[in-house]
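Trainee: Requesting a structural model of the entry that follows:
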Amino acid sequence: MKDFSQKVLPIGLALSIFASACGTVNFSKNNYSVTPNPLELKGDSVIVTISGTIPEKSMKAKAIVGFQPYLKTAEGKEIPLKAIKLKGEKAEGSADFTINSKTGGSVTYTDKIAYTSDLKNVKLLPKFTFEDKVLPVPDSIMVLGTITTANLVQYNNETQISEDVYQQELNPKSVSIYFPMDVEKFNLNFKAGNNLSNKTQIAELKNLLKKDPNWIVKGISINAFASPDGELSRNNNLSSGRSASTFAYFRKELKKLGFSEVNDSNFSMGYMLAEDWKGFGEMLSASNLSDKDAMLQIINNEGISDEERESLLRRNHVDSWKYAADNILPKLRRSELLVIGGKPFKDDATLMNYYGKYAELSQMELYHLSRITTDLTKKEEVLNAYNTYFSSDWRGFNDLALLKYAQTKNVEAISNLEKAAAIAPNNGVVLVNLSALARMQGNLAKANEYLAIAESNGANTSLNKGLMDIKRGNYSSAVSNLTKSGKSPYNLALAQILNGDANGAKNTIDKVNPDDLTWKHYYVRAIAGARMNNQDVCTTNLAKAVQLSNEARNMAKEDLEFRNFFNNALFQAAIR
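Mentor: Have a look, this model is predicted:
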């Protein structure tokens, strides 16, 4: 292995080149440097910057010299870079730089070239021309090789999936029940008008419960609505008493129906109280009262309290208030009796007995089955069934797209994602996944467009933006976005290295649970050690990476990140 230490080479090597252009002069003071050295992949390109100094009395006043460096691959392919011209101050014609023949000058050359894999093992060489003749330069390798650390970015976490909230589905069954004014005890025989009978309502609820023998009762809740003709504190006490009374009555009725779970300690009772001004306004609006519009203005006035509202109605609309007290308000003194429960809950083991019997599962159950299924063939089968039964839900098509994406079946992945997007065009998860597919296809502009829309719709795009930043060579932004995401310490450490913070990268990997470390984590930490010139961090982590993967050994042998350690005995031992 060669010594790849940083060097600044004397351009005085070119004495023979310029002899004809400049005369027999001493070029020993001429120097140049190449940045970076070695070359380095940044984004999708390699940028070459050459800075040169031409000392005094080194250039004839009428001389014109062409300079065009080129890259030579391991296979011998030559890739020309940008050509420039240098001339003395009295030379005719145009040139990129004019060098004073007496005082000399400086030259800064920059070019950018798209990266391809054959640039990894490449040589940067100069080419000089004078009077259309190429002038040979002996021993003229300016830079050897390209660092490609940016290509270590991992995209395995860039797609998103919807949240799987799997719990017992509660489907309350409810009816309204009624109470006389200021009475808290539930009376089965009470009637609120000719058509509102508690006995009829309770009978209806019992019939609803009898229809589903598999239904399990979890609790009872009373949503109480008081008429707006009493103080709120009094109504609150009244509502609490009505709830307790109704709970006690109906709990007995549930026992008679065979719901033994009412004896469970976690069988619940709850209640909610609201003065039903909205209901009062709706019934008043539908009435034939001549002053209803004026009364509605009072009811809808949000700048006054309920007590003030009631007082104004009583005082200013005496007859209409009396009519409402007899014909409208009793209908508002009601409670909604809810029996909370649902079908028996199927745990994961039970669900897995339903392969091929998908029609027997609810939407929540079938979707959860797709999530817990690890066999990819069965998973696809479940998702296809889900998309058949619940074709208006974007989640099934999104998940099937991710399955196809993992199988590198990109045409099918895109097709399913487009179906998901047609159902939910502004869904952040779908948009993030469309961005990931566009990125994979090399369409970074489209990927960024999808990410921007996803973010505007509330999606968390920090991880994806960070990965895109690495791809574009925006390493500072990558560190910021990946830190914010908190999801990919590996890629964060890589971005920190690329951004010049090797110590920060090491610290990031240090915080990862040792059980979660892969050979790639160790490899990146080894690179951090090399950039810190820390032999122990570099070689010990590289040895662990090699133990876990032979790929690490093969990579390290040619990785210029380790150029300063190529001849190190511990490095040699690590990759042996």
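
Trainee: and residue 534, how far is that from residue 522?
Mentor: 14 Å (Cβ to Cβ, to the nearest Å). C-beta: built from backbone N, CA, C; applies to glycine.

Trainee: Looking at the two, which is more packed in?
Mentor: Taking other Cβ atoms under 10 Å, residue 534 and residue 522 do not tie; residue 522 has more neighbours (22 against 17).

Trainee: Where does pLDDT dip in the protein?
Mentor: For the chain, residues meeting the criterion pLDDT under 70 lie at 1-30, 138-139, 193, 226, 230-236, 271, 273.

Trainee: Could you break it into its assigned domains?
Mentor: What automatic domain parsing lists as the domains of the chain is 11-147, 173-342.

Trainee: so which of those gets nearest residue 454?
Mentor: Residue 454 lies closest to domain 11-147 among those, at 22.2 Å (Cβ to Cβ).

Trainee: Show me what the longest helix along the chain is packed up against.
Mentor: Using DSSP state H to define each element, the chain has its longest helix at helix 232-256. Contact here means 3 or more Cβ pairs under 8 Å, 6 or more residues apart in numbering; DSSP states H and E; on that basis helix 232-256 packs against helix 198-210, strand 216-226, strand 268-275, strand 334-342.

Trainee: and of the domains of the chain, who's closest to residue 552?
Mentor: Proximity to residue 552, assessed across those by Cβ to Cβ, is greatest for domain 11-147 (16.5 Å).

Trainee: Strands of the stretch 1-150 of the chain, start to end?
Mentor: Here the stretch 1-150 of the chain has its strands, by DSSP state E, counting those that start in this stretch, at 31-35, 39-42, 45-54, 64-67, 70-73, 78-80, 84-88, 97-99, 105-114, 122-125, 128-130, 133-135, 143-144, 146-147.

Trainee: any chance of these in JSON lines, plus mean neighbour count and distance to residue 237?
Mentor: Formatted as JSON lines, these follow (neighbours: other Cβ atoms under 10 Å; distance: least, Cβ to Cβ, whole Å):
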{"stretch": "strand 31-35", "mean neighbour count": "17", "distance to residue 237": "81"}
{"stretch": "strand 39-42", "mean neighbour count": "21", "distance to residue 237": "72"}
{"stretch": "strand 45-54", "mean neighbour count": "18", "distance to residue 237": "76"}
{"stretch": "strand 64-67", "mean neighbour count": "22", "distance to residue 237": "95"}
{"stretch": "strand 70-73", "mean neighbour count": "17", "distance to residue 237": "87"}
{"stretch": "strand 78-80", "mean neighbour count": "13", "distance to residue 237": "88"}
{"stretch": "strand 84-88", "mean neighbour count": "20", "distance to residue 237": "92"}
{"stretch": "strand 97-99", "mean neighbour count": "19", "distance to residue 237": "93"}
{"stretch": "strand 105-114", "mean neighbour count": "14", "distance to residue 237": "78"}
{"stretch": "strand 122-125", "mean neighbour count": "20", "distance to residue 237": "86"}
{"stretch": "strand 128-130", "mean neighbour count": "18", "distance to residue 237": "100"}
{"stretch": "strand 133-135", "mean neighbour count": "14", "distance to residue 237": "102"}
{"stretch": "strand 143-144", "mean neighbour count": "19", "distance to residue 237": "86"}
{"stretch": "strand 146-147", "mean neighbour count": "20", "distance to residue 237": "77"}
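
Trainee: Please convert the ones you listed to CSV, extending it with distance to residue 551.
Mentor: CSV is the format used below for the strands of the stretch 1-150 of the chain (distance: least, Cβ to Cβ, whole Å):
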stretch, distance to residue 551
strand 31-35, 30
strand 39-42, 19
strand 45-54, 24
strand 64-67, 40
strand 70-73, 23
strand 78-80, 28
strand 84-88, 41
strand 97-99, 46
strand 105-114, 26
strand 122-125, 22
strand 128-130, 42
strand 133-135, 42
strand 143-144, 23
strand 146-147, 18
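
Trainee: list the contacts for the closest residue to residue 134 other than its chain neighbours?
Mentor: Closest residue to residue 134 apart from its sequence neighbours, by Cβ to Cβ, 6 or more residues apart in numbering: residue 127 at 6.2 Å. By Cβ atoms under 8 Å, 6 or more residues apart in numbering, the residues touching residue 127 are 67, 68, 69, 70, 134, 137.

Trainee: quick one, phi psi at residue 127?
Mentor: Torsion angles at residue 127 (phi, psi; degrees, to the nearest 10) stand at phi -140, psi 120.

Trainee: Whatever helix or strand residue 278 lives in packs against which elements?
Mentor: Using DSSP states H and E, residue 278 sits in helix 277-285. Applying 3+ Cβ pairs under 8 Å, 6+ apart, we find helix 277-285 packed against helix 292-299, helix 329-332.

Trainee: sorry, back to before: nearest to residue 476, of the domains of the chain?
Mentor: When the domains of the chain are compared for distance to residue 476 using Cβ to Cβ, the nearest one is domain 11-147, at 12.4 Å.

Trainee: tell me how far the strand or helix carrying residue 350 is from the chain's mean position?
Mentor: If you go by DSSP H and E, residue 350 is part of helix 348-351. Relative to its chain's centre, helix 348-351 lies at 30 Å (Cα atoms, centre = their mean, to the nearest Å).

Trainee: So which elements touch it?
Mentor: Other helices and strands packing on helix 348-351, by 3+ Cβ pairs under 8 Å, 6+ apart, are helix 363-372.

Trainee: Distance across stretch 405-412, terminal residue to terminal residue?
Mentor: 8 Å (Cα to Cα, to the nearest Å).

Trainee: returning to that earlier point: for the domains of the chain, give me TSV that also has distance to residue 511.
Mentor: Below are the domains of the chain laid out as TSV (distance: least, Cβ to Cβ, whole Å):
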stretch	distance to residue 511
domain 11-147	26
domain 173-342	41
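
Trainee: I'm done for today, thanks for sticking with me.
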